[in-house]
Structures are given as structure tokens and as C-alpha cells.
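Chemist: Sequence plus predicted model, see below.
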Amino acid sequence: MPVPAQESWLDAIAASRHDLDRSSTAARVADLLREQITRGRLVPGERLPEEDLCRAVRVSRNTMREAFRLLVQERLLVHEFNRGVFVRRVTADGLADLYRVRRILECEGVRCAASAPAGALARVEAAVADGERAAAAGDWAGVGTADIRFHQALAALVGSPRVDEMTRHLLAEMRLVFHEMGSPREFHEPYLARNRRICDLLAAGAAEDAERALRSYLDDAEAQLTAAYDTGA
């Protein structure tokens, strides 16, 4: 006698219940590692010491390897046979694709600014202000982190949890690209005023002008980073 469809999928879920705690813990560990990448503390080519990490977060090797697997899928880490797990270096082709997707997500966010969720525009302003404070303190790594938060806040104007998740992963990968630039100050400083300009345009309700400013910004940043890749090739 055939097994009813509902029982079949319930049985499948029941058979996987022992993986739930491990998977949820692995996702949390992946979040911790992704945040270190987003903050610029883990750099391309850096090896991740599995045993030390397991001790630091008090998880098993299987859980840590699952976290690594999640971040490999997000293109943030790479596994090298018999060598270990390393922070990935984004290729020039990957850079072009990152900007292709960023234009879709961030420009759509700007277009949605008038109907953005409560507090969303305030988060744009807060990220800009954080960048300005970090620059005043000479903390150029902090400026880079604030810049990532600014662009996350632009995409968040869409009001979609899926877009937020995509952007979070995308911009963690983007932070790896920043390391291609020799001087964080030389790269980030010119964009502080442009971040402020976009923020002010959004606050004034000038979404079309803000989108034009953002597209020009992204074009210039991509060209600058592409030149750095070409020089370093």
C-alpha cells in the first residue's frame, strides 16, 4: 500500500532531526566568520585554522566544516585539497559580476526609497555618519566597514528580507575586493562625500537624482578597482 504523501515528507523531516542542532549552529558560526570578513579582519589568502576555531567557538569539527561549506557556497572561502580552507580572492571576472548585481539591488533600493520601511532611511544616514566619524579618527578600515553598511542600507530600502540576505552575502564578498587597493584611505576618502550626497538626495525625496548619482558612483568604483586588478595581474 502506498505511503500517503504527507507521511512521506514528515518521515523525511523526522529522519533529519538529528542534523537540526548542528546545522543551526553551523549557520551561526558562518555568520560569525562572515562578519569578520565584512569588517575586513579576514583577508584574501588567509588560512582558517580549523582546530583553533573549534576551540574558540566550542563546536565540533563537523560543525565547523559545515560552516566552512556554507561560506564556500557564498564564494567567501575556498577549500584547497591537503592544504586547508582559505579566504577567497575575488577574480577580475568576479568583480564585474559583483557590480552587475549591486546595480540591480542598490538602484532598486533607491527607487523604492519613498515607500521604504520605517527607519530604513535613518539607517542610510547612520552609516554615512559612521563613515565620517571613522575618517575623522583616521580609522580607514572603519570607513570601509561603514561603506559596506551604507550600501547594505541602500538595498534594504526595498524592504525585502531576501534582498537583505543577498546583499549581506554580496557585500561580504565585496569587502574582499577592497583589499586589492594598496591604501584604504586613497580608495575610500573620495567616496565619503558621494555617500553623503546620495543620502541627502534621498532625504530630500530626489530619488531619480540619487539613482543617477549612485550609478555614476558604482561605475567609477568598478573602474578604479578593475585598474587595480590589472596593475596587480
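Modeler: Structure received.
Chemist: make it CA atoms for all contacts and neighbour counts henceforth
Modeler: Noted.
Chemist: Run through the chain and note the low-pLDDT ranges.
Modeler: Applying pLDDT under 70 to the chain flags residues 1-10, 12-23, 232-233.
Chemist: Show me it divided up by domain.
Modeler: 5-87, 92-232 (automatic domain parsing).
Chemist: Which positions within the top helix by length along the chain qualify as buried?
Modeler: Across the chain, the helix with the greatest residue count (assigned by DSSP state H) is helix 207-232. Residues 207, 210-211, 213-215, 217-218, 221-222, 225-226, 228-229 are the ones in helix 207-232 that count as buried (16 or more other Cα atoms under 10 Å).
Chemist: The closest residue to residue 217 other than its chain neighbours: how many residues sit nearby?
Modeler: Leaving aside its chain neighbours, residue 217 sits nearest to residue 194 (7.4 Å; criterion: Cα to Cα, 6 or more residues apart in numbering). The local packing of residue 194 (other Cα atoms under 10 Å) involves 16 other residues.
Chemist: Other residues contacting stretch 160-168?
Modeler: With contact meaning Cα atoms under 8 Å, 6 or more residues apart in numbering, stretch 160-168 is reached by 102, 105, 152, 155-156.
Chemist: most tightly surrounded among the domains of the chain?
Modeler: Per-stretch averages of neighbours, counted by mean count of other Cα atoms under 10 Å, single out domain 92-232 among the domains of the chain, with a mean of 18.
Chemist: Now do the helices in this protein.
Modeler: Going by DSSP H, the chain shows helices at 5-15, 20-38, 50-57, 61-73, 92-111, 120-136, 140-156, 161-178, 184-203, 207-232.
Chemist: okay, the angle between the second one and helix 140-156?
Modeler: To tie it back to what came earlier, the one meant is helix 20-38. Angle, helix 20-38 to helix 140-156, by axes from the mean of the first three to the mean of the last three Cα atoms, to 10 degrees: 120 degrees.
Chemist: now helix 20-38 and helix 61-73, what's the angle there?
Modeler: Using the same axes, to 10 degrees: helix 20-38 against helix 61-73 is 50 degrees.
Chemist: what do you get for the shortest one?
Modeler: Regarding helix 50-57 and helix 61-73, their directions subtend 100 degrees when assessed with the same axes, to 10 degrees.
Chemist: Against which helices or strands is helix 50-57 packed?
Modeler: helix 61-73 (3 or more Cα pairs under 8 Å, 6 or more residues apart in numbering; DSSP states H and E).
Chemist: 6 Å instead, please
Modeler: Using 3 or more Cα pairs under 6 Å, 6 or more residues apart in numbering; DSSP states H and E as the contact test, no helix or strand touches helix 50-57.
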